[in-house]
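Asker: sequence and computational prediction follow.
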Amino acid sequence: MGKWRRVWRSSEALAAQLLEELGYKVVGVHEKIMVEGVEVGEIDIVAEKDGEKYAVEVKAGSLDVSGVRQAYVNARLLGAKPLVVSRGVDEKARALARELGVELLVLPDLVVASPDDVRAIVSEAVLSAIEEILGFISKCPEVSGDEEEVLRAIAFTDTIQDASKALGLTVEELARNIARLSRKGVIPRGSYRLVRLAARIIVSCRSLTG
């Protein structure tokens, strides 16, 4: 297990312990959210309490509005109630969470690594991601105008929900487009983050080549 995974899982372990102390039963971790065969997200912890299923997002830092929206949508896609465990929450995020029915649990601050460790972890993660994506995309792939429009929407938005909205599609319709691009070998199969990175590289490459 790499250092990055160990550090992140220490936060998840703390969250899981807190949930169990509050009467939740942890029934799964890192559960992938699949739409039309495409991985569009991942739930950090799946828990149950009083007959209800919860999709639990664990935030290493403070929760913002974007994090609340993401937790809400992921929970809906999983068919569960949304719950976020974080180390803080700003007022706008708290207000939106109340409006959407997203439950919040706030963890105490906890130092899990030294600054040098954090820099080494981030550098290693970035290099691994670059190697993975460059290994897949050895040249600028040929795409149609409609396909390039989809890639641009993915590249320049933060979530699949934002991209689908920009295109005027549902999440399911966009997922089908992503699946088609994956079958053609244009973008890799994997997490939406990987798909977004691939889309950014392809769009940049095509811009540079005219």
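Answerer: Okay, I see it.
Asker: going forward, measure contacts and count neighbours with C-alpha atoms only.
Answerer: OK.
Asker: going along the chain, name the helices of the protein.
Answerer: Using DSSP state H, the helices found in the chain span residues 3-21, 65-78, 91-100, 115-136, 145-155, 160-167, 171-183, 192-208.
Asker: burial count for I178?
Answerer: 27 (other C-alpha atoms under 10 Å).
Asker: err, K32, not the other one
Answerer: K32: 16 neighbours (other C-alpha under 10 Å).
Asker: surely it touches V46?
Answerer: No. Applying C-alpha atoms under 8 Å as the test, K32 and V46 come out as separate, 10.6 Å apart.
Asker: show me where pLDDT drops low in the chain?
Answerer: Applying pLDDT under 70 to the chain flags the ranges 1-11, 108-139, 208-210.
Asker: domain parsing for this protein?
Answerer: With domains defined by automatic domain parsing, the chain comprises 3-106, 115-208.
Asker: any idea what the residue nearest the centre of the chain is bridged to?
Answerer: By C-alpha atoms, centre = their mean, the chain has its centre lying nearest to G41, at 4.9 Å. Beta-bridge pairing of G41 under DSSP bridges involves I33.
Asker: and it, how far from K25?
Answerer: 22 Å (C-alpha to C-alpha, to the nearest Å).
Asker: could the helices of the chain go into TSV alongside distance to V106?
Answerer: Formatted as TSV, those follow (distance: least, C-alpha to C-alpha, whole Å):
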stretch	distance to V106
helix 3-21	9
helix 65-78	13
helix 91-100	11
helix 115-136	22
helix 145-155	31
helix 160-167	26
helix 171-183	30
helix 192-208	26
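Asker: those helices: which one's closest to G37?
Answerer: helix 171-183 (7.1 Å; C-alpha to C-alpha).
Asker: distance between that closest one and the chain's centre?
Answerer: Here helix 171-183 is found 17 Å from its chain centre; the criterion is C-alpha atoms, centre = their mean, to the nearest Å.
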